[in-house]
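K.L.:
Give me a model of this one.
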Amino acid sequence: MEWALRNSVTKHYCQKFDPYGSFLDGAQYRELSREYTHEDLIKNILDNTLKHREPFVRDHLRSRADEVSSGVRVHRQ
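P.N.:
The predicted model follows:
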């Protein structure tokens, strides 16, 4: 069930936004609380994606994060 939900979210996100790094742009997210910032959300997205340790995904995300330089520190494994 979790994989189906992730697949659906990813599919709809990529239809609406640029699938190559737009998720690193905090301005596109709705602010849910002052305690959980856009930077927190982006960091959690990257951390959870990187925890799977897929080399292609890891290297691509790190490269893109460096390009965007959003100032978000990502837990690197």
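K.L.:
Could you list the buried residues of the host helix or strand of residue 39?
P.N.:
Element membership for residue 39, per DSSP states H and E: helix 38-50. By neighbour count on 16 or more other Cβ atoms under 10 Å, the buried set for helix 38-50 is 38, 41, 42, 43, 45, 46, 50. Every C-beta, even on glycine, is put in place using the N, C-alpha and C of the backbone.
K.L.:
need the next SSE after that helix, C-terminal direction.
P.N.:
Using DSSP H and E, the helix or strand that follows helix 38-50 in sequence is helix 55-68.
K.L.:
returning to that earlier point: between the helix holding residue 39 and helix 55-68, what angle do the directions make?
P.N.:
Going by axes from the mean of the first three to the mean of the last three Cα atoms, to 10 degrees, helix 38-50 is angled at 160 degrees with respect to helix 55-68.
K.L.:
Run the chain-centre distance for the helix or strand of the chain with the lowest mean pLDDT.
P.N.:
Lowest on mean pLDDT, DSSP states H and E among the helices and strands of the chain sits helix 55-68, with a mean of 74. Offset of helix 55-68 from its chain centre (Cα atoms, centre = their mean, to the nearest Å): 11 Å.
K.L.:
If you count contacts, what does it end up packed against?
P.N.:
For helix 55-68, the elements it packs on are helix 38-50, judged by 3 or more Cβ pairs under 8 Å, 6 or more residues apart in numbering; DSSP states H and E.
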